[in-house]
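K.L.:
from the sequence below, what's the structure:
(4 chains)
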Protein chains: 2
Amino acid sequence: MPHCHTHIEKLRQRGYRITPQREIIIKAIAHSTSHLTAEDLLELIRTSSEAINIATVYRTLEMLVEEGLIIRSDLGQGRAVYAPHQHGPHLHLVCRQCGEVFDADHTMACSLREQIWEQHHFEADFSHTTVFGLCALCQKKEE
Amino acid sequence: MPHCHTHIEKLRQRGYRITPQREIIIKAIAHSTSHLTAEDLLELIRTSSEAINIATVYRTLEMLVEEGLIIRSDLGQGRAVYAPHQHGPHLHLVCRQCGEVFDADHTMACSLREQIWEQHHFEADFSHTTVFGLCALCQKKEE
DNA sequence: CTCGCTATTGCGAAAATCCGCAATAAGGAG
DNA sequence: CTCCTTATTGCGGATTTTCGCAATAGCGAG
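P.N.:
Next up, the predicted model:
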């Protein structure tokens, strides 16, 4: 919630036009504490304001992902979830079991980035990479 | 190609029924050298044999992923690609510009996996993690 | 404040993916 | 080999996500 205006300013500076639809979407996702599907978001918006076309929601989400303001995770099952990216770049640890998303410092990936560069001349960007696995809780449940 | 029968045997032992459709799909994907979408696979199959329903392709792919015989990566743009798991797990380096996919040795991520474990008790699985970035070619074009 | 360029929206339709259900067939038992 | 159980297929249709295109509307210039 304190980030809405920062985000909007950032987008404006990068040459994006600030439309009412974008403001609404940005506010809604910034206020959310957990990850949302595009449909969730649409529902949220519908209650508080004019309906926004679902295609616009998808396009805005795609843009926000590209600009690094939110993150998108494909959790399988043909559904993607979106979440605010409030504390700067980081890795996303997504639990395969419960779907929970944890943030990890992306600087841990520095040496890996260097190795990839040396071997493939590929400039890897770990600033919002999604890593699947099992969270501590679900590991216990497995036994 | 040498793995088809191993795969089929494995599935049989795990209680799956071996249908002609499954054999065809397993052979097609095992023979492929690169990543395929479900549609690619359908096309491949159509040329050599009876048409198989696309839903069956998806269901078989999902099952093979669950059984760990193939891997699935979401490369964004609403498309998933599937690849044999025979050459061992690997990282997917996806170029943001041209969309090309490169494979990298996943053992490079070992130390990162350990760090994540120490800091978050999260059991990360890098066996088919997708890393976005810029490939060597597109880096040159950027200048 | 008005004008003009062009980014953005909404709409309808196309893709991609998944799902329910009846019909079929794999594989074990006899 | 035949029969039975039930996993699997094909089909049609639902859902999720994307796309093309005409209409709309930000926002910078004047």
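K.L.:
so where do the strands sit in chain A?
P.N.:
A:70-74, A:80-84, A:90-95, A:101-105, A:123-124, A:130-134 (DSSP state E).
K.L.:
hmm, the third one in reach of DNA strand D?
P.N.:
What it means is strand A:90-95. No - figure legend: strand A:90-95 not in contact with DNA strand D (Cβ under 7 Å from any atom of the strand); closest approach 14.7 Å. Yep, even glycine has a C-beta here, placed from its N, CA and C like the rest.
K.L.:
who's in contact with that strand?
P.N.:
Identification of contacts with strand A:90-95 by Cβ atoms under 8 Å, 6 or more residues apart in numbering or on different chains yields A:71, A:73, A:75, A:100-106, A:108-109, A:126-135, A:138, B:116, B:120, B:122, B:124.
K.L.:
pull it out as CSV, backbone CA atoms only.
P.N.:
Provided in CSV are the C-alpha atoms of strand A:90-95 (Å, rounded to 0.1, in the frame of the first residue of the first chain):
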residue,chain,number,x,y,z
HIS,A,90,14.8,-11.8,-4.9
LEU,A,91,14.4,-15.5,-5.6
HIS,A,92,11.0,-17.0,-5.2
LEU,A,93,10.9,-20.3,-3.5
VAL,A,94,7.6,-22.0,-4.4
CYS,A,95,6.5,-25.0,-2.5
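K.L.:
state the mean pLDDT of that strand.
P.N.:
Strand A:90-95 carries an average pLDDT of 82.
K.L.:
between it and strand A:101-105, how big is the angle?
P.N.:
Strand A:90-95 and strand A:101-105 are oriented at 140 degrees to each other (axes from the mean of the first three to the mean of the last three Cα atoms, to 10 degrees).
K.L.:
just checking: what are the partner strands of the worst-scoring helix or strand of chain A on mean pLDDT?
P.N.:
Ranked by mean pLDDT, DSSP states H and E, the weakest helix or strand in chain A is strand A:70-74, scoring a mean of 78. With DSSP bridges as the test, strand A:70-74 is paired with strand A:80-84 (antiparallel).
K.L.:
is the strand it pairs with positioned near DNA strand C?
P.N.:
No - using Cβ under 7 Å from any atom of the strand, we find that strand A:80-84 stays clear of DNA strand C, coming within 10.7 Å at best.
K.L.:
same check, this time on stretch A:40-52
P.N.:
Yes - interface with DNA strand C: stretch A:40-52 contributes A:I52 (Cβ under 7 Å from any atom of the strand).
K.L.:
mind listing what's buried in that stretch?
P.N.:
A:40-42, A:44-45, A:52 (16 or more other Cβ atoms under 10 Å in any protein chain shown).
K.L.:
quick one: is it near DNA strand D?
P.N.:
No - remark: stretch A:40-52 sits outside contact range of DNA strand D, by Cβ under 7 Å from any atom of the strand, the gap being at least 9.2 Å.
K.L.:
could you chop chain A up by domain?
P.N.:
Chain A breaks down into these domains under automatic domain parsing: A:1-85, A:87-143.
K.L.:
out of those, which comes closest to B:I24?
P.N.:
Proximity to B:I24 (Cβ to Cβ) singles out domain A:1-85 among the domains of chain A, at 23.9 Å.
K.L.:
tell me the mean pLDDT for stretch A:6-22?
P.N.:
93.
K.L.:
do the same with stretch A:134-143
P.N.:
So the average pLDDT for stretch A:134-143 ends up being 83.
K.L.:
again with stretch A:101-121
P.N.:
91.
K.L.:
that one: end-to-end distance?
P.N.:
30 Å (Cα to Cα, to the nearest Å).
K.L.:
ok, now stretch A:106-113?
P.N.:
OK, stretch A:106-113 end separation, Cα to Cα: 10 Å.
K.L.:
the residue nearest to the spatial centre of chain A and A:L36: what is the separation?
P.N.:
Centroid-nearest residue in chain A, with Cα atoms, centre = their mean: A:I71, separated by 1.3 Å. Separation of A:I71 from A:L36 (Cβ to Cβ, to the nearest Å) stands at 12 Å.
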